[in-house]
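Got a sequence here, can you model it:
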Amino acid sequence: MRMKSALAMLCGLTLLLACGVPDAQQTDLSYQAEALAEQECAVCGMSVRDQSAPRTQVVHRDGTRFFLCSIGDLMVHLSSPSPHGRAAGIFVEVMEPDEDLALSLTDRHPWARAADAFHVVGVERTRIMGRPVLAYSDRSSANAVASRYPGARVVDFADLEAWWRETLP
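Okay, here's the model as predicted:
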């Protein structure tokens with residue numbers, strides 16, 4: 001009987017490993033963000049560098065890297081099946097809490113792992129691809145920004161993915 005239990009556990013573990021774990025939990029720390037250059041957005045084809053921060057990039061398991069104009073485009077990209085495997089590294093540009101959201105913020109910003117950033121949703125902002133989502137390196141900065149906008153709130157990356165699915169038309 002013990003042999004059957006051990007075999008069942010081994011089969012279950014093998015199946016779990018074969019299926020993988022959720023993207024937000026499997027980010028490979030060996031992947032690093034790369035600087036923006038002349039990349040085109042993997043979703044809309046626009047020049048990523050010309051778009052307002054926060055911009056994003058994704059590295060898939062096979063090493064293929066995609067740049068995206070916004071966190072909205074990131075969410076669209078992550079919701080689509082990829083021949084390159086699951087996302088192994090997801091990065092967002094983090095902003096400063098005193099930046100004017102009415103401006104086009106195309107200067108370079110520091111990169112952070114999306115899972116380590118604090119995201120602000122519920123902010124109205126023009127000239128952004130998809131629903132506006134902001135990213136900050138620490139919770140206090142994100143809270144300071146969210147407090148200036150009625151209906152805005154701070155979420156982590158897992159909650160951002162849930163919010164995105166809930167707000168789809």
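
the helices in this protein, which residues?
For the chain, the helices defined by DSSP state H occupy 2-19, 71-78, 139-146, 157-166.

If you average pLDDT over each of the ones you listed, which is lowest?
Ranked by mean pLDDT, the helices of the chain end with helix 2-19 at the bottom, a mean of 36.

residues in contact with the residue nearest to residue 160 when sequence neighbours are not counted?
Spatial nearest neighbour of residue 160, excluding adjacent residues (Cβ to Cβ, 6 or more residues apart in numbering): residue 119 at 4.7 Å. All C-beta spots, glycine's among them, are computed from the backbone N, C-alpha and C. Contact analysis of residue 119 by Cβ atoms under 8 Å, 6 or more residues apart in numbering lists 71, 92, 133-136, 142, 154-157, 159-160.

hey, what's the nearest residue to residue 117 once chain neighbours are set aside bridged with?
Closest residue to residue 117 in three dimensions, ignoring its sequence neighbours and counting by Cβ to Cβ, 6+ apart: residue 135, at 4.4 Å. Following DSSP bridges, residue 135 is listed with bridge partners residue 119.

so residue 135 touches residue 70, yeah?
No. If you go by Cβ atoms under 8 Å, residue 135 and residue 70 don't touch, sitting 10.2 Å apart.

in the chain, which spans are strands?
For the chain, the strands defined by DSSP state E cover 56-60, 65-68, 87-93, 111-113, 118-121, 133-136, 153-155.

Can you say which of those is packed in most?
Of all the strands of the chain, strand 133-136 has the most neighbours on average by mean count of other Cβ atoms under 10 Å, namely a mean of 26.

and for it, what are the contacting residues?
54, 70-72, 75, 92-95, 97, 101, 112, 114, 117-121, 123, 142, 145, 160.

at 6 Å instead, please
For strand 133-136, the external contacting residues (Cβ atoms under 6 Å, 6 or more residues apart in numbering) are 54, 71, 92, 94, 95, 117, 118, 119, 120, 121, 142.

Next one: the fifth one from residue 128, what distance?
This means residue 95. Residue 95 is 12 Å from residue 128, where distance means Cβ to Cβ, to the nearest Å.
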